[in-house]
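Enquirer: Quick check, what structure comes out for this input:
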Amino acid sequence: MSASLPCSTTPPSGGTGSAYQQPGGSGGYGKRVEAFLLFARDAVETLRDGTGWEVEYARDVWRLGKLNGLNRSASRPRPRSELRFDRLAQPWLRALAKRWIRLRLSSGLNVSTVTGDMQALTRFSEFVTVVGPAVRGLGDVDRPLLERYLAWLTDLPGGLSSNESRVNGLHLFFQGIRQHGWDHSLPTSAAFFTGDCPRRRSRLARHLAEHIMTQVEQPANLDQWTDPSARLITLILVRCGLRVSDACTIRFDCLLHDGQRAPYLRYFNNKMSREAAVPIDEEIEAEIRSQQQRVLERWPDGNPHLFPRLKGNASGKHHFPPDTYRQMLKRWLTQCDVRDENGLPVHLTPHQWRHTFATRLINRDVPQEVVRVLLDHDSHQMTAHYARITDQTVRRHWEAATKINIQGERVALGPDGPLAQAEWAKTRYGIATQALPNGYCGLPVQKTCPHANACLTCPVFVTGPEFLPELQAQRGRTLTLIDNAKGCGHQRVAEMNEQVLINLDRMIGELDADGDAPEAADAG
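Expert: I've put the predicted structure just below:
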């Protein structure tokens, strides 16, 4: 074994280096050997060089594991990640980039965000290298050069999203230089403007079909989770709408109660770097208390995490890795044989449950502000995105169904045009706020109802086949009212209900004819 160990004692510049990789073999033993060699090298380097900004700043490759207090991604912490300034070919760009990146990291920005900024500067350095002698320093970076850069980006892979990140990163870099007065040679014309990048198309919400969710939420399938921690994480993702990184990093003491003793789940929103809470039901509360007991059985002195890592975690300081949960989720979906409406195996991501949670709330006409709070969104823009998608779905179902007015005439929304959206908004408002036992109200939102007697004599009343049993029952009651009114000599009451009866007969007849049409077609 010793003959195969690396002989070099000089660590390769700027990284872990192949000389310190696992020398041979595979499986658990080989990985432990590799981990030990990496740990030993890091320990020796720390003893020799120390840690902190004074050590790393002068290097052209920053070892982020040597910097304390960084805001790392809870989903993928990557303690051995690096920032490579040696890829910036221009010395003037490299010096300014180091200063800017250090400020970004020390101000608490997430490491993944700063890594994206570094990638933007690397792309700009590549462009400046292509341009050649035309750019000798920061003073040569002006608006015409940036316009050439925008054109150069269009030939790179990655699409609109990647190019937008590259432009935004460089824009913030120039902004930092001006704000802190690091180099006054930067021309004032070196700036990007709104519209420099093509607008990205609106993304569709990636919620899951109820056919899939029915399989996911089946108790028999949930019981197939071999690990209770993963099972509870799944329930929290589905019923609370958390991101997977937030669910896996829930603290042990996570339960809160309000004045009515209603339970809430407290968690840390890693994306927004703040605490948040979401209401939960009694079942989730009971499951959390059971999980707390399991944790205390393994760590009697306590553990900071509700979901500690399963392996390699004797101290208990590591939380459940989101990537581990994703791998377990794939195996669970295969084991449960979850399939879509076409009978194909389902491949889903944990984040789709967050989209599904939001879509379900919107479908129940929960106010958008309530949905925003439950999802802990920072703005209404994303919440409104779910509402737009759901509204389109509701409209398709409405248009596909038969709708009859009191004259027995079919009702349909107008074709696409200037009035189409306004007409649908009026209809949607009536569905959400003026639900009736036997139909819908189509009255404009600005008007009050002048028909105090009954909606069945109102010209804006609309109904459909789903209300046919109620209409037939109301017809029977109307006949009884007419007979009683005539027997008591109440002619006016009889006349009013006779008009209601006529309208009911028209609507029931048309709906019955519509229901018989498919059967007649099948018989033919």
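Enquirer: neighbours around Leu179, how many?
Expert: Slight slip there: residue 179 is Gln, not Leu. 9 (other Cβ atoms under 10 Å). Every C-beta, even on glycine, is put in place using the N, C-alpha and C of the backbone.
Enquirer: Find the helix or strand that it is a member of.
Expert: helix 159-180 (DSSP states H and E).
Enquirer: packing partners for that helix?
Expert: Applying 3 or more Cβ pairs under 8 Å, 6 or more residues apart in numbering; DSSP states H and E, one finds that helix 159-180 contacts helix 91-106, helix 111-131, helix 143-153.
Enquirer: List the buried residues in the following helix or strand past that helix.
Expert: Sequence-wise, the next helix or strand downstream of helix 159-180 (DSSP H and E) is helix 210-216. Neighbour counts using 16 or more other Cβ atoms under 10 Å place Ile212, Met213, Gln215, Val216 of helix 210-216 among the buried residues.
Enquirer: Excluding residues flanking it in the chain, which one is nearest the first one?
Expert: In this structure, Ile212 finds its nearest non-sequential neighbour in Val346, 5.6 Å apart by Cβ to Cβ, 6 or more residues apart in numbering.
Enquirer: okay, that neighbour: pLDDT?
Expert: Note for Val346: predicted pLDDT of 93.
Enquirer: residue contacts, it?
Expert: Val346 makes contacts with Ile212, Gln215, Leu333, Val338, Arg339, Asp340, as judged by Cβ atoms under 8 Å, 6 or more residues apart in numbering.
Enquirer: just those now: which is nearest Asp323?
Expert: When these are compared for distance to Asp323 (Cβ to Cβ), Leu333 wins out at 16.0 Å.
Enquirer: Quick check: which helices or strands does the helix or strand encompassing the closest one pack against?
Expert: Assigned by DSSP H and E, Leu333 belongs to helix 322-336. Applying 3+ Cβ pairs under 8 Å, 6+ apart, we find helix 322-336 packed against helix 228-240, helix 244-248, helix 350-363.
Enquirer: Quick check: what element follows the shortest one along the chain?
Expert: Of the helices and strands lying after helix 244-248 in sequence (DSSP H and E), the nearest is strand 255-257.
Enquirer: Check the longest one too.
Expert: Scanning forward in sequence from helix 350-363, with DSSP H and E defining helices and strands, the next element found is helix 368-375.
Enquirer: Contacts for that next one next, please.
Expert: Contacts of helix 368-375 (Cβ under 8 Å, 6+ apart): 241, 278-279, 354, 357-358, 361-362, 379-380, 382-384, 386-387.
Enquirer: For it, which residues meet the burial criterion?
Expert: Gln368, Val371, Arg372, Leu374, Leu375.
Enquirer: If I take it and helix 350-363, what angle do their directions form?
Expert: With axes from the mean of the first three to the mean of the last three Cα atoms, to 10 degrees defining the directions, helix 368-375 sits at 150 degrees from helix 350-363.
Enquirer: let's have the chain start at 53 instead
Expert: Sure, I'll start numbering at 53, so the last one becomes helix 420-427.
Enquirer: what inclination does helix 420-427 have with respect to helix 280-292?
Expert: 170 degrees.
Enquirer: Tell me how far helix 420-427 lies from the chain's centre.
Expert: 13 Å (Cα atoms, centre = their mean, to the nearest Å).
Enquirer: so how far is Leu260 from the residue nearest to Ile264?
Expert: Distance, Val398 to Leu260, using Cβ to Cβ, to the nearest Å: 8 Å.
Enquirer: Same check on Asp310?
Expert: 31 Å.
Enquirer: the more surrounded of those two?
Expert: Leu260 (19 against 10).
Enquirer: Now that one. Nearest residue, chain neighbours left out?
Expert: Thr408 is the one closest to Leu260 (Cβ to Cβ, 6+ apart), at 4.8 Å.
Enquirer: Quick one: low-confidence residue ranges for the stretch 303-452 of the chain.
Expert: 434, 437-452 (pLDDT under 70).
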